[in-house]
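Student: Below is the structure, and that's it, no one-letter string:
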C-alpha cells in the first residue's frame with residue numbers, strides 16, 4: 001500500500017491554491033507547516049487512516065523542483081460531474097489543461113477522467129468510475 005506521495009514546489013502559496021481547489025472538495029484536510037503542505041483524509045475515531053497522504057514541499061536539496069517524466073498522480077472523485085467541476089476549479093486555481101473531462105477509448109466504459117498539470121508541471125488525473133452513472137457507450 002502506498003502511504004504517501006510527495007511532490008516538490010518552488011512556490012508553496014501557488015501550490016496551496018491549486019491543490020486546495022480540488023483536494024478540499026474531495027474531503028482532504030490541509031495541515032500547513034514550515035515544511036510545506038500535508039493533505040490527508042480525516043480519520044474517524046477508532047479507525048485506521050485512509051492512505052495515501054499527499055504532501056507538497058520545497059525540495060530538500062534546495063534545487064528547483066521538477067516534474068517527473070511519465071509520473072502522474074490520480075485522485076478519485078465521486079461522480080462525472082465532480083470530475084468536470086474539479087477540473088475547472090483546478091484550472092482556475094493555476095493549473096493547465098492536459099485533457100478535458102470525458103471517457104477515453106482505451107479505458108473501461110465507466111472510467112471518466114480529466115488531466116491537468118499543477119503550476120510546477122506535475123501531471124494530475126481526476127477520475128470517476130462510478131458504475132451507477134452512464135458509461136461511455138450510453
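Tutor: Here it is on my side, so go on. Quick caveat, the model's predicted, so the values are computed rather than measured. Numbering: from 1, shown residues only.
Student: Going along the chain, name the strands of the chain.
Tutor: Counting by DSSP state E, one finds strands in the chain at the ranges 4-8, 29-33, 36-40, 53-57, 72-76, 96-103, 112-117, 123-128.
Student: Using CSV, lay out the ones you listed together with mean pLDDT and distance to residue 90.
Tutor: Quick note: C-beta positions are derived from backbone N, CA and C, even for glycine. Putting the strands of the chain into CSV (pLDDT from 0 to 100; distance: least, CB to CB, whole Å) gives the following:
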stretch, mean pLDDT, distance to residue 90
strand 4-8, 96, 14
strand 29-33, 96, 15
strand 36-40, 97, 14
strand 53-57, 97, 14
strand 72-76, 96, 10
strand 96-103, 97, 9
strand 112-117, 97, 6
strand 123-128, 97, 7
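Student: now those as CSV including distance to residue 14 and mean neighbour count?
Tutor: Output for the strands of the chain, formatted as CSV (distance: least, CB to CB, whole Å; neighbours: other CB atoms under 10 Å):
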stretch, distance to residue 14, mean neighbour count
strand 4-8, 13, 17
strand 29-33, 14, 12
strand 36-40, 11, 20
strand 53-57, 10, 20
strand 72-76, 17, 14
strand 96-103, 12, 14
strand 112-117, 13, 22
strand 123-128, 14, 20
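Student: Could you provide these in CSV, with additional columns for distance to residue 22?
Tutor: Shown next, in CSV, are the strands of the chain (distance: least, CB to CB, whole Å):
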stretch, distance to residue 22
strand 4-8, 14
strand 29-33, 12
strand 36-40, 10
strand 53-57, 11
strand 72-76, 7
strand 96-103, 12
strand 112-117, 9
strand 123-128, 7
